[in-house]
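Colleague: Have a look at this prediction, sequence included:
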Amino acid sequence: MTDERRWYAGVDWASESHHVLLTDGDGRKIGEKIFKHGGEGLAEMAAWLMANERRCRAQTDPYRDRGPA
């Protein structure tokens, strides 16, 4: 068995806005947000996804609660 956690992003791509839903590997909602269509909105979406990826990774880091060696 592995400690690796997965998350998934579903994107409703439309002409005016994009609705993004994040779930964990078991289908539980992690977050959702709506972004404007266009360069600024897509940059915001990418930043939001990366921030959530780092947060998910930190939650599964087996060394995060250990002090100095």
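Modeller: Received the coordinates, thanks.
Colleague: Can you tell me the SS state at residue 10?
Modeller: strand (DSSP: H, G, I helix; E, B strand; the rest coil).
Colleague: if I read this right, it contacts residue 18, doesn't it?
Modeller: No. Here residue 10 does not reach residue 18: they are 10.6 Å apart, not a contact under CB atoms under 8 Å. Any C-beta I mention is one placed from the backbone N, CA and C, and that applies to glycine too.
Colleague: Those two: which is more packed in?
Modeller: residue 18 (19 against 10; other CB atoms under 10 Å).
Colleague: For that one, list each beta-bridge partner.
Modeller: residue 13, residue 35 (DSSP bridges).
Colleague: these two touch, right, it and residue 37?
Modeller: Yes. Counting by CB under 8 Å, residue 37 is a contact partner of residue 18 at 6.5 Å.
Colleague: center of the chain, which residue is that?
Modeller: residue 52 (3.6 Å; CA atoms, centre = their mean).
Colleague: With adjacent residues omitted, what lies nearest to that one?
Modeller: Among residues not flanking residue 52 along the chain, residue 22 sits closest, at 5.8 Å (CB to CB, 6 or more residues apart in numbering).
Colleague: Pull out the buried residues from the host helix or strand of that neighbour.
Modeller: Per DSSP states H and E, residue 22 falls inside strand 17-24. Neighbour counts over strand 17-24 (16 or more other CB atoms under 10 Å) mark 18, 20, 22-23 as buried.
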